[in-house]
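Trainee: have a look; sequence and predicted model below, questions after that.
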Amino acid sequence: MTLNSQMEGALDEKVIRASANTGSSVTLREKSANMRVKVAGLSDPFTAIRMGSGKGKLSHAPSLKDGPRKKICDYLLIAQIDGVDHAVFVELKKSLGSRGDPEEQLLRSRSLLEYLLAVCDIEQGGKVSRPKISYVLVYEDINLNKSALRPDLSGKIDEIPYKSINITRFQGTELELADLV
């Protein structure tokens, strides 16, 4: 049983944004920013999980105190590529310098993956694989006129350290899954 099928079996179907076949694509949406990013070249299996507060999204326990500990990213992508499980946290931002704290949102989302892995591990009797984890921040616009940052052909801008994680930043509205992992 794949990590994808274990996660999909444990989660309410309302939080699963997409389950796809090899080579297909999925569009990730951030309604409040009026933003869409197409992720192409999906692996099989692939699962996109909607995260955040609100109905139909995976979120922290409601009993947590408000504040930074409740910050969360927009999506968790689970994929298996060449036999290796990957978990990719994705935060979408309209432009570089947008309001919010995207790095903290990515960092704070990891506890939800750990919780899901523990749930699946209990159900599967300790047979759940640990995925390779990536943190991705996607900007629709980085205002090239005012910024020294320049994305490469894949849309990758750079990689930045933040506390205990490394975040890869991208610019664009269409990205390849292989570049995100």
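Mentor: Cool, got the structure.
Trainee: what distance do you get for the closest residue to residue 95 other than its chain neighbours to residue 109?
Mentor: Distance criterion Cβ to Cβ, 6 or more residues apart in numbering; nearest residue to residue 95, sequence neighbours excluded, is residue 141 at 4.4 Å. In short, each C-beta sits where N, CA and C put it, glycine included. Note on residue 141: its distance to residue 109, by Cβ to Cβ, to the nearest Å, is 23 Å.
Trainee: show me which of the two is the more surrounded one.
Mentor: Per other Cβ atoms under 10 Å, whichever of residue 141 and residue 109 has more neighbours is residue 109, with 25 against 16.
Trainee: and the gap between the more buried one and residue 165?
Mentor: Distance from residue 109 to residue 165, by Cβ to Cβ: 10 Å.
Trainee: what sits up against the longest helix along the chain?
Mentor: Longest helix of the chain, by residue count under DSSP state H: helix 102-123. Helix 102-123 is contacted by residues 3, 6-7, 9-11, 51, 58-60, 68-73, 76, 87, 89, 91, 93, 127-128, 130-131, 133, 135-137, 160, 162-165, 167 when judged by Cβ atoms under 8 Å, 6 or more residues apart in numbering.
Trainee: in it, which residues are buried?
Mentor: Buried residues in helix 102-123, counted by 16 or more other Cβ atoms under 10 Å: 102-110, 112-113, 116-117, 119-120.
Trainee: quick one: pLDDT of the closest residue to residue 163 other than its chain neighbours?
Mentor: Excluding its sequence neighbours, the residue lying closest to residue 163 (Cβ to Cβ, 6+ apart) is residue 107, at 5.8 Å. With respect to pLDDT, residue 107 scores 96.
Trainee: and what of the one 5 residues further on?
Mentor: Note for residue 112: predicted pLDDT of 94.
Trainee: and the gap between it and residue 135?
Mentor: For residue 112, the distance to residue 135 (Cβ to Cβ) stands at 13 Å.
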